[in-house]
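# when you get a sec, could you give me coordinates for this:
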Amino acid sequence: MSDTNQAAILRPSERPTNDRGGGARTTPLVTRACGSTSLINGITAFDPGAAIGVHWHNCEESVMVIEGEAIAEIDGVPHPLKTGDTTWLPANVPHRFINASQEKPMRIFWTYASVDATRTMAATGETRTIDAEHGRKA
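Take a look at the predicted model:
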């Protein structure tokens, strides 16, 4: 763990990547490990047509599409997004992201407003900390 008084330069190409399953892979960037005490962020890459399951978090989340086109399904309503579009989600709002293309990859940059962020999967009710998910490497 880094000293919280030290700045960090984080290069996605040098960070571990976690397989989320279903064609989605997450690269954590700012985490407790680099000294963050108030937020975490990272990048999730989606293969063509890939989606993650409906879930919600215990804190606010913001997501920016940094490559490709996405569908943000928020509380059951689909919202088409293109590169640069950004979402803000309050805590406990069910949502998921889908790669809108069957041919091209899509990537999102996400930020959670807490280092103690959790994800609860709608399909199972299972709640895990985001930190626990980062323990799985691709």
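
# could you pull out the helices in the chain for me?
For the chain, the helices defined by DSSP state H occupy 130-133.

# okay, strands next: where are they in it?
Assigned strands in the chain, in chain order: 18-21, 24-28, 40-46, 55-57, 61-67, 69-74, 77-82, 86-89, 95-99, 106-112, 118-121, 127-129 (criterion: DSSP state E).

# output those strands in CSV; the columns should cover distance to residue 34 and mean neighbour count.
C-beta here means a position set from N, CA and C on the backbone, and glycine is covered the same way. Conversion of the strands of the chain to CSV gives the following (distance: least, C-beta to C-beta, whole Å; neighbours: other C-beta atoms under 10 Å):
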stretch, distance to residue 34, mean neighbour count
strand 18-21, 16, 15
strand 24-28, 9, 21
strand 40-46, 10, 22
strand 55-57, 20, 20
strand 61-67, 19, 18
strand 69-74, 27, 18
strand 77-82, 28, 12
strand 86-89, 23, 16
strand 95-99, 24, 21
strand 106-112, 14, 22
strand 118-121, 20, 17
strand 127-129, 17, 14
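
# of all these, which one comes closest to residue 6?
Of all those, strand 40-46 sits nearest to residue 6, with 17.0 Å by C-beta to C-beta.

# and that closest one, how far out from the chain's middle?
Remark: strand 40-46 is offset 4 Å from the chain centroid, using C-alpha atoms, centre = their mean, to the nearest Å.

# next: stretch 96-103.
When distances are taken as C-alpha atoms, centre = their mean, stretch 96-103 is centred 14 Å away from the chain's centroid.

# let's test this: mean pLDDT of it, rounded?
Regarding stretch 96-103, the rounded mean pLDDT is 97.

# buried residues in the least confident helix or strand in the chain by mean pLDDT?
Least confident helix or strand of the chain, by mean pLDDT, DSSP states H and E, is helix 130-133 with a mean of 82. For helix 130-133, the neighbour count (16 or more other C-beta atoms under 10 Å) marks 130, 131 as buried.

# for the remainder of this discussion, apply numbering that starts at 292.
OK, 292 is where the count begins now, so the last one is helix 421-424.

# residues contacting it, please?
309, 311, 317, 319, 322, 323, 331, 403, 406, 408, 409, 410 (C-beta atoms under 8 Å, 6 or more residues apart in numbering).
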